[in-house]
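>>> just coords:
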């Protein structure tokens, strides 16, 4: 072959490889196959193209500040289908069929960035584009005395709540969890807005007892109100946690923990229309839990209980409430890909009350305020690549009893019964 033509072909491939490396690798392979260049010339050209890309910066992500040591991207895509049907029974025995709900939606669309500045200093920002809410925004200093975190993140309250939504074994968290952790949103829902995400100072540390035993502890001093920009409040909440873990192996480990929290009751006088935090009413309580793994079997259980002080002078909530919730879950992996899950959840609001739709996501088609809730969840998870790519299917039979005249109102005999089907696909990266 004409040496001039050969040189031109190699030079052209090398130049275009700077901007389209994969495509021109295939071009060079074709040239070798046709006998126009040798395998050695192909290898040399690819090497030169790689060097050219490095020199040009095309294979590098540039950050604004030179002090940045490492920049990590993360994402989570969850698509969900749900079907909710049921009926309500009034105090007089009248049964009403609820309007069926059936739809598909993007449950979560997370995009996160974590920047490591070196010397144990980092920052992380995560946003959920599915509902355009901030998930996390923190500054972290890792020291020999533990990790000090300043910003907006979850406090330690609720085993389910503090399990990442990407690693949940059920499609949605339980009604018991949502009663304490979901946002107040509207005081008419009955939710407490106690745990979940708060802005403030958070601390976490871990002490290694020996090769098998560890002790984790931490706490938060943060705004009593949830939210990242709640700068109009004047109340601080305090949370503390302690976890003991005994680990025999990666598939045989057991943890027991307890969370404590106390903060001003940030609801609008528990639904009375009176200003939040009237007479310094507080919510305080404990959240003990256990979590064990025996090879293919995972078992976890938790209890949540608080004392919700009375708002003196308000009607009808001038009564101290002591709601209690329980959740028990068992999951078994039949194969590396197929897992079965069973969960039971129970909640007694102690006369405070909550709406069905406030505790079961998107279940507002089931009307009424109730005092007690319980549900049984049965599901199957299929893992393509562990939690990074999975499909979850779950059926939940949810019941509510003791229909109330309103939040904190009189208790009757009415009830509600619903069938909830959910299907969710997830990709985590």
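Happy to help now that I have it. All of these numbers come straight from a predicted model, not from anything done at the bench.
>>> Strands along the stretch 301-429 of the chain, start to end?
324-333, 338-348, 354-355, 369-385, 389-404, 415-428 (DSSP state E, counting those that start in this stretch).
>>> So which of the ones you listed is the most surrounded?
Mean neighbour count (mean count of other CB atoms under 10 Å) peaks for strand 354-355 among the strands of the stretch 301-429 of the chain, with a mean of 24. Using the backbone N, CA and C atoms, a C-beta is placed for each residue, glycine as well.
>>> partners of that strand in the sheet?
strand 369-385 (antiparallel) (DSSP bridges).
>>> now the strand it pairs with and strand 324-333, what's the angle there?
20 degrees (axes from the mean of the first three to the mean of the last three CA atoms, to 10 degrees).
>>> and the angle from strand 369-385 to strand 338-348?
Going by the same axes, to 10 degrees, strand 369-385 makes 160 degrees with strand 338-348.
>>> low pLDDT regions in the stretch 301-429 of the chain?
311-318 (pLDDT under 70).
>>> could I get the strands of the stretch 301-429 of the chain as CSV with distance to residue 298?
As requested, these are exported to CSV (distance: least, CB to CB, whole Å):
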stretch, distance to residue 298
strand 324-333, 4
strand 338-348, 9
strand 354-355, 29
strand 369-385, 11
strand 389-404, 15
strand 415-428, 18
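>>> Can you say which of those is nearest to residue 29?
Of all those, strand 369-385 sits nearest to residue 29, with 29.7 Å by CB to CB.
>>> Now do the same contact list for the residue nearest to residue 166 when sequence neighbours are not counted.
The spatially closest residue to residue 166, leaving aside those adjacent along the chain, is residue 428, at 5.0 Å (CB to CB, 6 or more residues apart in numbering). Listed by CB atoms under 8 Å, 6 or more residues apart in numbering, the contact partners of residue 428 are 75-77, 166, 387-389.
>>> What of residue 306?
Applying CB under 8 Å, 6+ apart, the residues contacting residue 306 are 180, 192, 194, 261, 283-285, 322-323.
>>> out of the residues you listed, who has the most neighbours?
residue 194 (32 neighbours; other CB atoms under 10 Å).
>>> Helix, strand, or coil at residue 244?
Under DSSP: H, G, I helix; E, B strand; the rest coil, the three-state class of residue 244 is strand.
>>> for the one 10 residues further on, same thing?
Remark: residue 254 carries the secondary structure label strand [criterion: three-state DSSP].
>>> got it, and residue 28?
Residue 28 - assigned by three-state DSSP - is helix.
>>> Can you tell me how far it is from residue 51?
15 Å (CB to CB, to the nearest Å).
>>> Look at the two and report which has more neighbours.
Using other CB under 10 Å, the more surrounded residue of residue 28 and residue 51 is residue 28, with 23 against 12.
>>> Quick one: mean pLDDT for whichever helix or strand residue 78 is part of?
Assigned by DSSP states H and E, residue 78 belongs to strand 70-89. Mean pLDDT, strand 70-89: 96.
>>> of all the strands of the stretch 301-429 of the chain, which lies closest to residue 152?
Per CB to CB, nearest to residue 152 of the strands of the stretch 301-429 of the chain: strand 415-428, 21.6 Å.
>>> Helix, strand or coil: sort out the residue sitting nearest the centre point of the chain for me.
For the chain, the residue nearest the mean C-alpha position is residue 165 (3.3 Å; CA atoms, centre = their mean). Secondary structure state of residue 165, per three-state DSSP, is coil.
>>> Test my guess that it contacts residue 108.
Yes. Using CB atoms under 8 Å, residue 165 is in contact with residue 108, at 6.3 Å.
>>> where do the contact lists of the two overlap?
With CB under 8 Å, 6+ apart as the test, residue 165 and residue 108 both reach 76, 78.
>>> residues touching residue 366, list them.
Per CB under 8 Å, 6+ apart, neighbours of residue 366: 84, 86, 88, 98, 356-357, 360, 400, 416, 418.
>>> which one among those gets closest to residue 32?
Checking these against residue 32 with CB to CB, the nearest one is residue 84 at 60.6 Å.
>>> And the pLDDT for the closest residue to the closest one other than its chain neighbours?
Nearest-residue entry for residue 84: residue 101, 4.3 Å, with adjacent residues in sequence omitted and distances by CB to CB, 6+ apart. According to the prediction, residue 101 has pLDDT 97.
>>> Compute the number of surrounding residues for residue 101.
18.
>>> Residue 356 is in contact with that one, correct?
No. Residue 101 lies out of contact with residue 356 (CB under 8 Å); the separation is 12.0 Å.
>>> quick revisit: closest one of the contacts of residue 366 to residue 157?
For the contacts of residue 366, the nearest to residue 157 is residue 360 (20.1 Å; CB to CB).
>>> tell me, how many neighbours does that closest one end up with?
For residue 360, using other CB under 10 Å, the count is 24.
>>> can you check residue 407 too?
22.
>>> Over to residue 130?
17.
>>> In contact with it, which residues?
78, 105-109.
>>> Return the members of these classed as buried.
78, 107-109 (16 or more other CB atoms under 10 Å).
>>> okay if I get the contacts of residue 130 as TSV plus secondary structure?
Shown next, in TSV, are the contacts of residue 130 (three-state DSSP):
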residue	secondary structure
78	strand
105	strand
106	strand
107	strand
108	strand
109	strand
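>>> Those residues into a markdown table, with extra columns for distance to residue 37?
Below are the contacts of residue 130 laid out as a markdown table (distance: CB to CB, whole Å):
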| residue | distance to residue 37 |
| --- | --- |
| 78 | 48 |
| 105 | 54 |
| 106 | 49 |
| 107 | 52 |
| 108 | 50 |
| 109 | 46 |
